[in-house]
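Novice: turn this into a structure:
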Amino acid sequence: YHVVNPDAEARYLSIGGTMNHGQPELIRSAMEKMPPGSEVILAFDYDEGGDALAEEVTALAPSSVEVRRVLPPVGMGKDWNEVLKLQKGIVDLACPATVSPDFSKTPPVATARRPHKGFVSENGK
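Specialist: The predicted structure follows:
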């Protein structure tokens with residue numbers, strides 16, 4: 001997400017796919033220390049696991065911060081790494097970006113095409 005949407009003011013935290021028993025308190029504590037009006041951006045995968053993590057982290061947030069989820073643009077994959085690879089033209093056609101057929105919120109990347117120059121995500125970040 002950072003490479004596609006650079007922000008020199010941002011701090012980043014990775015959950016690593018699923019939260020362990022200690023992460024919820026660490027995340028809550030970090031958000032509580034943020035200045036009022038701060039924004040927490042959730043750039044999780046666009047799948048059921050990402051949905052569950054977004055709900056879990058949102059529930060941890062104090063009312064003093066805004067929590068917002070950003071999703072990859074439709075057709076560019078299920079995570080920000082797939083978006084980056086597509087932007088850079090680094091798409092492994094033997095293993096293209098996909099989304100599980102039972103989830104299918106966004107269609108898989110059909111070809112190894114580059115997006116239009118000057119790509120900006122739907123949220124402008």
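Novice: list the buried residues of the least confident helix or strand in the chain by mean pLDDT.
Specialist: Of all the helices and strands that make up the chain, the one with the lowest confidence by mean pLDDT, DSSP states H and E is helix 80-88; it has a mean of 90. Of the residues in helix 80-88, those buried by neighbour count under the rule 16 or more other C-beta atoms under 10 Å are Trp80, Glu82, Val83, Leu84, Lys85, Leu86, Gln87. To be clear about C-beta, it is placed using only N, CA and C from the backbone, and glycine gets the same treatment.
Novice: then stretch 48-55?
Specialist: Neighbour-count burial for stretch 48-55, counted by 16+ other C-beta under 10 Å, picks out Gly50, Leu53, Ala54.
Novice: hang on, the last one packs against Arg69?
Specialist: Yes. Ala54 sits in contact with Arg69 when judged by C-beta atoms under 8 Å, with a separation of 5.0 Å.
Novice: who touches the residue sitting nearest the centre point of the chain in this structure?
Specialist: Closest to where the C-alpha atoms of the chain average out (C-alpha atoms, centre = their mean) is Ala43, at 1.8 Å. With contact taken as C-beta atoms under 8 Å, 6 or more residues apart in numbering, Ala43 is in contact with Tyr1, Arg69, Val70, Trp80.
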